[in-house]
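Trainee: got a sequence here, can you model it:
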Amino acid sequence: MKDLINNFLKNEKLQSFTQLQSHLMQIYLVLKLKSKKVLEIGVGSGFVTSNLKRYCDITTVDKDKNLKPDIVIDISNSKALRMFEDNSFDLILVCEVLEHIPYNKLREIFMSLNRISKKYILISVPDQSNYLNLTLFKHGFENILFSFLISNIKRFTLIFNKIAKSFNDFHYKMIKSKRKFNFDGSHYWELGIDKYSVKTFKRELLRHFSLVVDGRIRENPWHHFFLLKRKSKKS
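Mentor: Next comes the predicted model:
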């Protein structure tokens, strides 16, 4: 962890502590899933690559040659990923990339990702929908009474978070017709605005992948992560 923090402090392209949390999540999941061969689509600051390359064989692709990726390609071109063979990578990272591509091109990209992945795909995209979440931390409470209280508080947090999710969904339905997303020169779409709901995006993902887990990190709820597994082709 000390090396990661030092690398963060040295990296001029990383702007904030919240951005660091998203990068750490990517690194953590790659290591947790014991992925040996990784494809990172979108170089960004280079922080993730520089820290992962000591643990795995990582290939980077980006359309911006100034970021010095291993391969310069634009994945919005449906033919771009054909250069990779089936089942080429244990895990593919596509974090904060897809929103830079028109939404109607995502289906072809997902089909290619499913083909070249051996097992996992990790996607993160901006999510502007409301985020209410209650988290419980505990340390050192071994007393039976405290354990009983903690278990009941845990139940309360689960109920609270279910109610919060329902409120978030209701709020989105109320405002979606009033908030239209206009291309800002960088992002074509973001979750939680206009027709781009989390539910719709997840439905599209499930056409191509199996969902392992999805969620937003407390320190940076603007980034919504989706950990996916490739679907094998039907014979």
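Trainee: which parts of this protein are strands?
Mentor: 37-41, 57-62, 71-72, 89-95, 117-126, 209-217, 220-230 (DSSP state E).
Trainee: restricting to C-alpha, output the first one in CSV.
Mentor: Extracted in CSV, the C-alpha atoms of strand 37-41 (Å, rounded to 0.1, in the frame of the first residue of the first chain):
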residue,chain,number,x,y,z
LYS,A,37,-3.2,-11.8,-18.4
VAL,A,38,-5.0,-8.4,-18.4
LEU,A,39,-6.2,-6.0,-21.1
GLU,A,40,-6.7,-2.4,-20.1
ILE,A,41,-8.8,-0.4,-22.5
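Trainee: name the residues that touch stretch 33-42?
Mentor: 30, 48-49, 52, 56-62, 75, 84, 88-97, 116, 118-120 (Cβ atoms under 8 Å, 6 or more residues apart in numbering). (Each C-beta comes from the backbone N, C-alpha and C, glycine too.)
Trainee: quick revisit: in CSV, list the strands of the chain along with distance to Ser186, mean neighbour count and mean pLDDT.
Mentor: Listed next are those as CSV, based on distance: least, Cβ to Cβ, whole Å; neighbours: other Cβ atoms under 10 Å; pLDDT from 0 to 100:
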stretch, distance to Ser186, mean neighbour count, mean pLDDT
strand 37-41, 16, 23, 98
strand 57-62, 15, 20, 97
strand 71-72, 19, 14, 97
strand 89-95, 15, 24, 98
strand 117-126, 11, 21, 97
strand 209-217, 21, 14, 94
strand 220-230, 14, 20, 94
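Trainee: any chance of CSV for these, columns distance to Tyr196?
Mentor: What follows is the strands of the chain, written out as CSV (distance: least, Cβ to Cβ, whole Å):
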stretch, distance to Tyr196
strand 37-41, 20
strand 57-62, 24
strand 71-72, 28
strand 89-95, 17
strand 117-126, 9
strand 209-217, 15
strand 220-230, 11
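Trainee: so what's Ile27 closest to, chain neighbours aside?
Mentor: Asn51 (5.6 Å; Cβ to Cβ, 6 or more residues apart in numbering).
Trainee: no wait, Phe201
Mentor: In space, Phe201 is closest to Leu191, 5.9 Å off (Cβ to Cβ, 6+ apart).
Trainee: pull the helix or strand with minimum mean pLDDT from this structure.
Mentor: One helix or strand of the chain scores below all others by mean pLDDT, DSSP states H and E: helix 2-10, with a mean of 57.
Trainee: per-residue confidence at Gln86?
Mentor: Careful, residue 86 is Asp and not Gln. Asp86 carries a pLDDT score of 96 in this model.
Trainee: circling back: give me the distance between the residue nearest to Ile27 and Ile58.
Mentor: 10 Å (Cβ to Cβ, to the nearest Å).
Trainee: ok, which of the strands of the chain comes nearest Gly185?
Mentor: Proximity to Gly185 (Cβ to Cβ) singles out strand 117-126 among the strands of the chain, at 14.7 Å.
Trainee: the closest one - contacts with which helices or strands?
Mentor: helix 17-32, strand 89-95, strand 220-230 (3 or more Cβ pairs under 8 Å, 6 or more residues apart in numbering; DSSP states H and E).
Trainee: sounds good, over and out.
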